[in-house]
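> 3D model of this:
(2 chains)
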Amino acid sequence: MIRVALLVAGKDLRVERRSRVLLWQVVPFGVMALLLCGLALGSARAGHSSAAPGLFYLVVILVAILMINRSHAIEATPGTRASVATLGLDPAGVFLGKAAALAVELWLTAVVLLAGAVLVLHTSLHGTLVAVPSILVTLGAIAGAGTLYGALTSGGNAAATLLPVLSLPAFAPLLIAGERSFYSALHGGALLEWWVISLVALAVYLALGILLYGVLEES
Amino acid sequence: MESIEGTSVLLRDAVSLVNGFPLLSGVDVELHSSSLTVLVGANGAGKTSLLRLLAGLIGLSSGEGSVLGMDLATIDRRQLRRRVGWLGHEGSFYDDLTVAENLTFAAKALDRPVDELTTVLDRVDLIGRRDTVAKQLSAGQRRRLGLAWLLLRRPELWLLDEPYASLDDEGRTFFDALLGEVLERGATVVVSAHDPLRSAQLRPRTVLMAGGRIVGET
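All right, here's what the predicted structure looks like:
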C-alpha cells in the first residue's frame, strides 16, 4: 500500500509540476480571492478584522475544490482510466497517494496564502507561525476528504459542479476547527483542543478513504 | 463457469447492463489462446463494451463468462485486470509525463524491472523520444507508446480498441508486425475495428457485432 501511495503521489506531483496548473492558475486564483476578501472588508477594517482566519480557510477550500477536480482529471480520459485500471493498483494505496499529493499542493498554496493573509488581512506574523502546525493538519484532512469526494464524483457528467455541492458540507467542520485554531493562535484560546479535532478528522478521513476508495472507484 | 484448456475467453449469453442500459445483450463467443480476433461493427455495436467486459472494467449482469480461466461471475475483477492489457485509440497514458516517465510508472506499478525500458522503447522505435512529453507525440507515436506500455506489462490478453484509427500505412504495417510477435509468444489478441483487417499474414478471425451481440463471423 505504501509503495503504491508513493508511486501515485510522485506521479501526480510530477504531472502538476509539468502542467504548471497549480502555479499559473490555482495559486493566482487563491491570491485574487484573498485580495477580494481584503477589499470586501475595506482598508480600515481589514487591519483589525478578526475574520482573517475564516477568510483564509474559505479561500483554501475554494482552491482545494479546484485542485481536487484537477487531481481526478489526470485520469479522466477513458483510455487512461481503462489503462491505469488494468494495472490493478491497490485502491487504498491510490487513495493515500492522491491525498498526499493533494496535501502537498495545498501546503504549498497555503504558504503563499498565509503570506497574503499577513500582508492583506494584517494577521500577526508570530500568531500565523504558531498556527502553522494546525494548518498543516487541517489541510491534510481537507486533502483526505477531498480525495474521497473527488472519487465519488469523478467520471460523472457534472463532476465539476457536483463536487462542491457534496464536499462543502464535509469541509464545514474542518473549516470551523481550522478557523478556531488559527484564531486561537492569533488571539489566544483553545488552540490545542481545536488542533486535536483537526487531527481526529484527518485520521477519520484517511481511514474512510483506505476502506472506501476502491468501492467508490468501482461504482 | 468451468474454463476449457486452450480457450482464453468463453462467453455464453453474456449480458452487461450499465445504469440499466444493455451494452451487451447476449454475446456467445469462444476465443482460443494465441489467436487474433477482430471485432467489426458500426458505432454502438458493442465492440468496446465487449472489450471492457473482457478487461474486467464492466461487470457481467447475466449469462456465463470465463476469461483466462477466471469466472466473470465470481472473480475480483482487479485480479483479471492485472492479466490483461488495454490500448485505447484516444491514448492510454498520462499526457503530461514523458515517454520514459509513463513507462517507468507502469513498470513500477507492476513490479517489473525498469531496465527493460530501453529494450521496449527500441522495439517500438521511440528510443529517441524517451524524454518527450506524451502530449507532444504524433498519433502514430502515441500508439507506439501505448504498445510499449503493453510490451512492458506482457499481458496474457491484449485488448486493443480501434488501434488502427488515424494510423498511416507505415504505422499499420508496424502494428501488424508487432501483433505477429505477440501472437507467436502465446498471447491472445482481440481488436475492435470499423473494417476487417487488411493483413493477410495475421489471418485474423473476424467477428461481426451489431446491437450488443455477435451476428456473424468470417
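> right, is stretch B:114-124 up against chain A?
No - Stretch B:114-124 stays clear of chain A (C-beta under 8 Å from any C-beta of the partner chain), getting no nearer than 11.9 Å. In short, each C-beta sits where N, CA and C put it, glycine included.
> off-centre distance for that stretch?
Taking C-alpha atoms, centre = their mean, to the nearest Å, one finds stretch B:114-124 lying 20 Å from the centre of the chain it belongs to.
> neighbours of residue B:95, how many?
Look at residue B:95: counted by other C-beta atoms under 10 Å in any protein chain shown, it has 18 neighbours.
> no wait, residue A:17
So residue A:17, with other C-beta under 10 Å, has 12 neighbours.
> same check, this time on residue B:131
9.
> that one in helix, strand or coil?
Under DSSP: H, G, I helix; E, B strand; the rest coil, residue B:131 falls in the coil class.
> which parts of chain B are strands?
Ranges of strands in chain B, per DSSP state E, are B:7-18, B:21-32, B:36-40, B:62-67, B:70-71, B:84-87, B:157-161, B:188-193, B:205-210, B:213-217.
> relative to residue B:140, which of those is closest?
Closest to residue B:140 of the strands of chain B is strand B:84-87 (C-beta to C-beta; 13.3 Å).
> list the neighbouring strands of that closest one plus their orientation.
Using DSSP bridges, strand B:84-87 pairs in its sheet with strand B:157-161 (parallel).
> if we can go back for a sec, quick one, which of the strands of chain B is nearest to residue A:165?
Proximity of these to residue A:165 was assessed by C-beta to C-beta; the nearest stretch is strand B:7-18, lying at 23.8 Å.
> can I get the closest one as PDB, trimmed to CA atoms?
The C-alpha coordinates for strand B:7-18 follow below in PDB (Å, rounded to 0.1, in the frame of the first residue of the first chain):
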ATOM      1  CA  THR B   7      -9.500 -21.300 -24.500                       C
ATOM      2  CA  SER B   8      -8.800 -17.700 -23.300                       C
ATOM      3  CA  VAL B   9     -12.300 -16.400 -23.500                       C
ATOM      4  CA  LEU B  10     -15.600 -18.200 -23.300                       C
ATOM      5  CA  LEU B  11     -18.900 -16.200 -23.100                       C
ATOM      6  CA  ARG B  12     -22.400 -17.700 -23.100                       C
ATOM      7  CA  ASP B  13     -25.400 -15.400 -23.500                       C
ATOM      8  CA  ALA B  14     -23.300 -12.700 -21.800                       C
ATOM      9  CA  VAL B  15     -25.300  -9.600 -20.900                       C
ATOM     10  CA  SER B  16     -23.800  -6.400 -19.400                       C
ATOM     11  CA  LEU B  17     -26.000  -3.600 -18.100                       C
ATOM     12  CA  VAL B  18     -24.700  -0.200 -17.100                       C
END
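> ok so, going back, could you redo the strands of chain B as TSV and give each row mean neighbour count, distance to residue A:216 and mean pLDDT?
Converted to TSV, the strands of chain B look like this (neighbours: other C-beta atoms under 10 Å in any protein chain shown; distance: least, C-beta to C-beta, whole Å; pLDDT from 0 to 100):
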stretch	mean neighbour count	distance to residue A:216	mean pLDDT
strand B:7-18	20	17	86
strand B:21-32	17	21	86
strand B:36-40	23	31	90
strand B:62-67	20	25	88
strand B:70-71	17	24	88
strand B:84-87	28	21	87
strand B:157-161	25	24	91
strand B:188-193	25	29	90
strand B:205-210	18	32	88
strand B:213-217	16	32	86
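> residue A:150: which of these is closest?
Short answer: strand B:7-18, nearest of the strands of chain B by C-beta to C-beta, at 21.4 Å.
> give me the low-pLDDT residue ranges for the chain?
Picked chain A for this. In the predicted model, chain A carries pLDDT under 70 at residues A:43-49, A:78, A:155-159.
> that's the other chain; I wanted chain B
Counting by pLDDT under 70, chain B contains low-confidence ranges at B:1-5, B:90-91, B:198-200.
> near chain A, which residues of it are found?
B:52, B:55-57, B:77-79, B:81-82, B:84-94, B:96-97, B:101, B:105-106, B:108-110, B:133, B:146, B:149, B:153, B:155, B:161.
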